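Q: sequence below, structure please.
(one chain, ligands or ions: 1)
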Amino acid sequence: MKAKLPVRRAILERRTYEPPAEGRWNKVRLDFNENTAGCAPAVRRALAKLTPKHFAMYPEYEVSTKTLAKHFGVRPEELLLTNGGDDALRVFFDAFVDSKSRILLSEPTFPMYRYYAEICGARIDNLRYGAQMEFPTEQAIRTLKERPRVFFIANPNNPTGTLLGYAELEKIVKAATHTAVVIDEAYVEFSGLTVVPWIKKYPHLFVTRTFSKAMGLAALRLGAVIANMDSLAILRRAMPPFPVNLAALVAAEAAVRDTKTRQAYVRNILRVRSWFQGELNSLGITTYPSAGNFVLVNFGPAGPALVQRLGQKGILVRERSKEMGSGFVRITIGTEREMRSVAREIRRGWRKAQTYQQRYRGRSNAPYSKSPS
Ligand code: PMP
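A: Just a heads-up that it's a prediction; the model follows:
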């Protein structure tokens, strides 16, 4: 029997869901901006102390919220914990966005803003990062006059790596007179730039965070929204009663306490990132400045074959050809060992591509001349 389900129009119009990649366990995982070194050992010790009684009881949030608020430098009333950073973004749609109302974003960016907007049936005002991956500040300020419900900015931006400075951010926040401004600081540990202290001045400013990146807890799904108490109270009304599981809370508390492990990891990523970019640049490959634990690379026509080559060697990277044009690839910065092996493979693949290009110059059947379909 064929089901006659009353499906919402926005869902009917949405393209089919593409599940994230699986089978990554034994691979060099440079495709999801994870902490490939793993979380702090203190996290495992904390989780090992949990008993069957802990698992059987609904989680309580007060004590953990206090600890985590202290880590973020805010009061517990200014912090909302969510089931991952993704879920922190969803709640803005539940609280502020009706079907057909407008939201603003600048692409290429983290796809979940568009994803939730499509589910909600919202209209998307879409700006673009420039050719040098610069943020379109003036255009954004102009578009804010049309009063979109929410403006999402990832800072630094995934995948471009672009970091907006304080002066530009303040211009944007000031121009957003009727808009909730969400500054997604998923990579803040790497950028060192945060607008969290501004929540005292700007009640329409919301900062989102995640424990999936520098903290290395992607599997446990913990995110956060930080905002002025009254503004956050609006979001709380759109939340389920138990959004976060106990293991995530216990792990996050242990992770924030271990400042030493985190700082050493971040320092290492910044050092390796700069080395890795230098390696690619010395081959003549274009990279863009990044304030995150990843680098956007433009391999040009050689890109698709290079990504394929890396895949064959068990190295996963994120191809962005579809939205950015052939050759754009985002590469997460992993451990020094991982980055040395990916640099080696890129060097080999790149030289091969150059040789082919010279040999087949001008011929339509050149192996590296095609864009992916
Ligand atoms: N924001 C940005 C900009 C991201 O890149 C990511 C993860 N890739 C997230 C939020 C969400 O991360 P998570 O759901 O794992 O917390």
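Q: how about Glu118, nearest residue that isn't a chain neighbour?
A: Leaving aside its chain neighbours, Glu118 sits nearest to Arg14 (5.0 Å; criterion: Cβ to Cβ, 6 or more residues apart in numbering). C-beta coordinates here come from the backbone N, C-alpha and C atoms, glycine included.
Q: gap between that neighbour and the ligand?
A: 19 Å (Cβ to the nearest ligand atom, to the nearest Å).
Q: ok, now Thr82?
A: In terms of Cβ to the nearest ligand atom, Thr82 sits 8 Å off from the ligand.
Q: give me the neighbour count for that residue.
A: By other Cβ atoms under 10 Å, the residues close to Thr82 number 23.
Q: can you give me phi and psi for it?
A: Main-chain dihedrals, Thr82, degrees, to the nearest 10: phi -130, psi 170.
Q: ok, now Asn126?
A: phi -110, psi 110.
Q: and what of the one 4 residues further on?
A: Backbone geometry at Gly130, expressed as degrees, to the nearest 10, gives phi -80, psi -180.
Q: got the contact list for the closest residue to it other than its chain neighbours?
A: In space, Gly130 comes closest to Pro136 once its chain neighbours are excluded; the distance is 6.5 Å by Cβ to Cβ, 6+ apart. Contacts for Pro136 (Cβ atoms under 8 Å, 6 or more residues apart in numbering) come out as Ser106, Leu127, Arg128, Tyr129, Gly130.
Q: and if we set it to 10 Å?
A: By Cβ atoms under 10 Å, 6 or more residues apart in numbering, the contact list for Pro136 reads Ser106, Leu127, Arg128, Tyr129, Gly130, Arg142, Thr143.
Q: now this protein against the ligand: closest residue?
A: The nearest approach of the chain to the ligand comes at Gly85, 2.8 Å away (Cβ to the nearest ligand atom).
Q: could you pull up phi and psi at the residue nearest to Glu118?
A: Torsion angles, degrees, to the nearest 10, at Arg14: phi -80, psi 140.
Q: same thing with the one 5 residues further on?
A: Here the main-chain torsion angles of Pro19 (degrees, to the nearest 10) amount to phi -70, psi 150.
Q: equivalent analysis for Asn83, please.
A: According to degrees, to the nearest 10, Asn83 has phi -80, psi 70.
Q: again, but for Asn228
A: Residue torsions, per degrees, to the nearest 10, at Asn228 are phi -50, psi 140.
Q: quick one, what contacts the nearest residue to it once chain neighbours are set aside?
A: Spatial nearest neighbour of Asn228, excluding adjacent residues (Cβ to Cβ, 6+ apart): Pro203 at 4.3 Å. Shown in contact with Pro203 (Cβ under 10 Å, 6+ apart): Ala180, Ala227, Asn228, Met229, Asp230, Ser231, Leu232.
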